[in-house]
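J.: Quick one, structure for this:
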Amino acid sequence: MKVTVSSWGIYIVHVEDKAKYPGLSRGTLTTQMAVDDYEELLKHYDVHETIGTGGFAKVKLATHLLTGEKVAVKIMDKDSLGDDLPRVKTEIEAMKNLSHQHVCRLYHVIETQKKIFMILEYCPGGELFDYIIAKDRLTEDEARVFFRQIVSAVAYIHSEGYAHRDLKPENLLIDEDHNLKLIDFGLCAKPKGGMDYQLMTCCGSPAYAAPELIQGKAYIGSEADIWSMGVLMYALMCGYLPFDDDNVMVLYKKIMRGKYDIPRWLSPGSVLLLSQMLQVDPKRRISVKHLLNHPWLLQGYNCPVEWYSKCPLGYMDEDCITEMSVYFKHSKSTTSNLICEWLYDHTTATYLLLQAKKSRGKAVRLLRSSVAVEPSVSSFKDLRSRQKLDFDGGNQGDLPYVFGSMEFSDDDLFYEDYTYSSAEQSASKEFSKFRTELNSVDFALATPTKQKTKRSEDKENVDAKVTKTEGPFLLPAPWTPSSKRRAILTTPTENVLVASKDKSCNIKDTPTKKSALANNEVTTAVISPERRCRSVDLDLNQAHIDSAQKKKGTKVFGSLERGLDKVITMLTPSKRKGCARDGPRKLRAHYNVTMTNLLNPDQLLNEITRILPQKNVDYVQKGYILKCKTQSDFGKVTMQFELEVCQLNKPDVVGIRRQRLKGDAWVYKRLVEDILSSCKM
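T.: Predicted coordinates for the structure are as follows:
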């Protein structure tokens, strides 16, 4: 056994003999053990339940400690990203340069040796795609409200020199005010020659791709976005796609012909607008400039679409600066200079979240009670309630959603839930005694090794190049049999993300200025381990005993192991048997929930599990949640989704919550509709 001390002064126990300490394999003592990758995140955010998950990313709901504002934390693993790492870099750089009321806001970027955290605006309404499914199709008036917001967002990003290249309902989220927010800029391009510069990369979703992309021709990014907007508008008002087929080659032929059905319920004005956007010849397609004043978009409005930003980059709010300067005891000029760096660190996040509070009519105040305290293990009850969030869903009024177009991992189909024993007080006393013994031992931290790896390059994004000598990401070291062991024993490395700076600030990088900023950097104190989320686990079974320290302190560690045994006995969790709760979750009525005529949730669950095998759907049941997937003839997972039997707040009403996790959105729509229509409910 080896014990080290993290930079927080928290003890980390590394165990070689897995059989001797079985409880440690599930991170029993995560409340006392710092995880370097999550250290910076947990200083500033209270992390809650998972609201989206994917093959290389997971999104968690979190609360910013100083403002009390909810945020979405997109967590990405560098090893899993692989060749997609430059795409993440492109997304981050684009979102740093965009600030618009209909573009999802980036607040904070944290990078560690293994992880990248993007702290983003939280949109509780979920994807526009799910909203369309629930409504079957939107009325023309409602479609117009949404489409004006889409035109506003696209016109803005085009004015900033960006082409999105992946416009679709899955990449538009609905916020708490029922407004749309554009997300997923991983495929965007900022042509080095301006918006008239031709691009070559064929990317995006096939059903939304313009004919020139499919043909492999050079194309203008803004013109391709207009075609995608036409497909999107058709989906809003019809509830299905204008060009669709299971065979990709047949789909491409339909797109290149540009022929689609015109339903009888479409008005002449909407038919005209669709025909102007869905022109096969890009030069005959309507431009964004003309969309702003299009007669169909002006119906019911007395002004053109407002595309300009209501909160432009570089705007300094006097109230927010004053509050931050008072709270952190800096002068207003020092605080203003720190914000003007636009490093997308905690200073940037605090300022932008204060701005968000003010825009919603809330008081511009930082929470005085949010200053973190020294680590302690005196309150296990708070931890215990937080550790249930991953499975229970936290606030039952907030429905989870998939963030953007992430894909779900096969490994996430199987998970276990744990409960803790009731001897919290005894365990606390025993651990205090155990930690007192640890204080008498000298512990050492290993030194991180330098890492070098090859980076790929996006030729179309001149501002987003990643070279061998410079770049915003510290890439993970190549894997070796001992790499996991080294990762646990190393200290956290410095964040090497390169942040964008606002040119309007004109701050010179003088030694005096750098020193002043370093001394006045806005930070918070160490966070209490009770605030940690259950998903922040440390695999303690990969480390090996340091031979030198083993010889030097055999007697000392003997007593430490006995003390550790007592703590493990009290804290080792036991696996829950059966359902994680006595009944289904109680949820609010939501467009993501289908109501049924059945009154018995178990009867409905049995009916769904009877139908799924008939539709060639494999599933894993966990309580009232069914994690489903379909596979191709070659065993490749083509679709993953979740069905959950739930109790609505209305008396005696049982419903089914549905959520797409991976796969084509419209194929998922047809499959779920087929499953639900086959159930006797």
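J.: How about the contacts made by the nearest residue to G239 once chain neighbours are set aside?
T.: Closest residue to G239 apart from its sequence neighbours, by CB to CB, 6 or more residues apart in numbering: R137 at 3.5 Å. C-betas here are computed from N, CA, C, even on glycine. If you count contacts by CB atoms under 8 Å, 6 or more residues apart in numbering, R137 has them with 236-239.
J.: Just the buried residues of these.
T.: In the contacts of R137, burial by neighbour count holds for 236-239, counting by 16 or more other CB atoms under 10 Å.
J.: Single out whichever of the residues you listed has the smallest pLDDT.
T.: Ranked by pLDDT, the buried ones among the contacts of R137 bottom out at G239 (92).
J.: What is the nearest of the contacts of R137 to K329?
T.: Closest approach to K329 among the contacts of R137 (CB to CB): L236, at 50.8 Å.
J.: Now the closest one: closest residue in space, sequence neighbours ignored.
T.: Among residues not flanking L236 along the chain, A143 sits closest, at 4.3 Å (CB to CB, 6+ apart).
J.: what about the one you found, how many neighbours?
T.: 21 (other CB atoms under 10 Å).
J.: Could you verify my assumption that it touches G239?
T.: No. Counting by CB atoms under 8 Å, A143 stays clear of G239, with 10.7 Å between them.
J.: Over to M76: give its phi and psi.
T.: Main-chain dihedrals, M76, degrees, to the nearest 10: phi -120, psi 140.
J.: got the contact list for it?
T.: Going by CB under 8 Å, 6+ apart, M76 touches 56-57, 88, 115-118.
J.: On the pLDDT front, check it for me.
T.: pLDDT, M76: 93.
J.: If it is in a bridge, with which residues?
T.: Legend: beta-bridge partners of M76 under DSSP bridges are A57, I116.
J.: where along the stretch 201-350 of the chain do the helices fall?
T.: With DSSP state H, counting those that start in this stretch as the criterion, the stretch 201-350 of the chain has helices at 211-214, 221-238, 248-257, 268-277, 288-291, 295-298, 318-328, 332-340, 346-359.
J.: Determine which of those helices approaches L98 most closely.
T.: For L98, the closest of the helices of the stretch 201-350 of the chain is helix 346-359, at 12.7 Å, according to CB to CB.
J.: Low-confidence ranges, this protein, go.
T.: Applying pLDDT under 70 to the chain picks out residues 1-36, 53-55, 369-582, 591, 650-651.
J.: Quick check: next helix or strand after the biggest helix by length in it?
T.: Taking DSSP state H as the criterion, the chain has its longest helix at helix 140-159. Next along the chain after helix 140-159, taking DSSP states H and E as the criterion, comes strand 172-174.
J.: buried set for that next one?
T.: 172-174.
J.: Return the closest of those residues with respect to Q355.
T.: Nearest to Q355 among these: L173, at 19.3 Å, using CB to CB.
J.: residues touching the closest residue to that closest one other than its chain neighbours, list them.
T.: Leaving aside its chain neighbours, L173 sits nearest to C123 (3.7 Å; criterion: CB to CB, 6+ apart). Taking CB under 8 Å, 6+ apart, we find C123 in contact with 72, 104, 173-176, 181, 401.
J.: mind redoing it with 10 Å?
T.: Residues near C123 by CB atoms under 10 Å, 6 or more residues apart in numbering: 70, 72, 104, 172-177, 179-181, 183, 401, 403.
J.: Kindly report the same for L272.
T.: Per CB under 10 Å, 6+ apart, neighbours of L272: 266, 294-296.
J.: Please apply the same query to M256.
T.: M256 sits in contact with 210-212, 214-215, 243, 280, where contact means CB under 10 Å, 6+ apart.
J.: one more time with 6 Å
T.: P211 (CB atoms under 6 Å, 6 or more residues apart in numbering).
J.: so how many other residues sit close to T609?
T.: 13.
J.: To clarify, my last question referred to Q215.
T.: Q215: 12 neighbours (other CB under 10 Å).
J.: Excluding chain neighbours, give the residue nearest to it in space.
T.: Among residues not flanking Q215 along the chain, M256 sits closest, at 6.9 Å (CB to CB, 6+ apart).
J.: just L367 next, same as before
T.: In space, and not counting its chain neighbours, L367 is closest to G68: 5.4 Å by CB to CB, 6+ apart.
J.: Distance-wise, check that neighbour relative to L353.
T.: To L353, G68 is 9 Å away according to CB to CB, to the nearest Å.
J.: likewise A57?
T.: 22 Å.
J.: How many neighbouring residues does P282 have?
T.: Neighbour count of P282, defined by other CB under 10 Å: 17.
J.: separation between it and D244?
T.: From P282 over to D244 the distance is 22 Å, taken as CB to CB.
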